[in-house]
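Chemist: When you get a sec, could you give me coordinates for this:
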Amino acid sequence: MTRPCTAGRIEVICGCMFSGKTEELIRRIRQVRIARQPFQIFTPRMDTRYGLNHVASHTGTRQEAHPIASICEIMPYLADAQVIAIDELHFLEDTPEQIVSTCQELADRGLRVLVAGLDQNYRAEPFPAMAALMSVAEQVDKLYAICVRCGAYATRSQRLINGQPAPASAPTLVVGGQDLYEARCRACFVLPK
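Modeler: Residues are numbered from 1 along each chain as shown. Modelled structure (predicted):
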């Protein structure tokens, strides 16, 4: 782990479903709170799994957050913040260019920008905004889950429909948890057809 600097920076926490991305984001915010640094947390408005005004891990750890649809909506909350945290970045409706330029602008202003989200969709293709942000971030932490089939490190999110892998024609963004997704390793992942 790199030591955070006092200048602005972008930190990306990524991985598959159930890898602990939100848990890690909340852990870092706990450290920010201990350091008495003012912060703001944001969550996509479309992610209502654990309530509209919270980021929450699958294990139940919660933190109050502002719901947003677009990264541009965070600007009014920046007055005193030194740290900005955005969970489930892949759910925002912005283009990758808008997300990267906004995160770059915030870091250039001296803010620490913490971002968490899936690095790949259920087809094992990169989420464009996350991929672009990883290329400019000062720190990238890729987390893994445990494959529900064989116990190996899981890096893929298998979406299921009636217990079977979702077809490639299914929508890219579907909010869900263990009812719709399984963490799988490369060998156990079934590429949608």
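Chemist: so what's the residue nearest in space to the middle of the chain bridging to?
Modeler: Central residue of the chain (CA atoms, centre = their mean): Gly117, 1.7 Å from the mean position. Per DSSP bridges, residues listed as beta-bridge partners of Gly117: Cys14.
Chemist: Report the separation between it and Cys14.
Modeler: Counting by CB to CB, to the nearest Å, the gap from Gly117 to Cys14 is 6 Å. C-beta: built from backbone N, CA, C; applies to glycine.
Chemist: List the pairing partners of the helix-or-strand element of the chain with minimal mean pLDDT within its sheet, with orientation.
Modeler: Across the helices and strands of the chain, mean confidence by mean pLDDT, DSSP states H and E is lowest for strand 54-56: a mean of 75. Applying DSSP bridges, strand 54-56 is found paired with strand 62-64 (antiparallel).
Chemist: Where does pLDDT dip in the protein?
Modeler: For the chain, the stretches with pLDDT under 70 are 1-6, 49-51, 58, 176.
Chemist: Return every residue with contacts to both of Gly117 and Cys14.
Modeler: Residues touching both Gly117 and Cys14 (CB atoms under 8 Å, 6 or more residues apart in numbering) are 21, 130.
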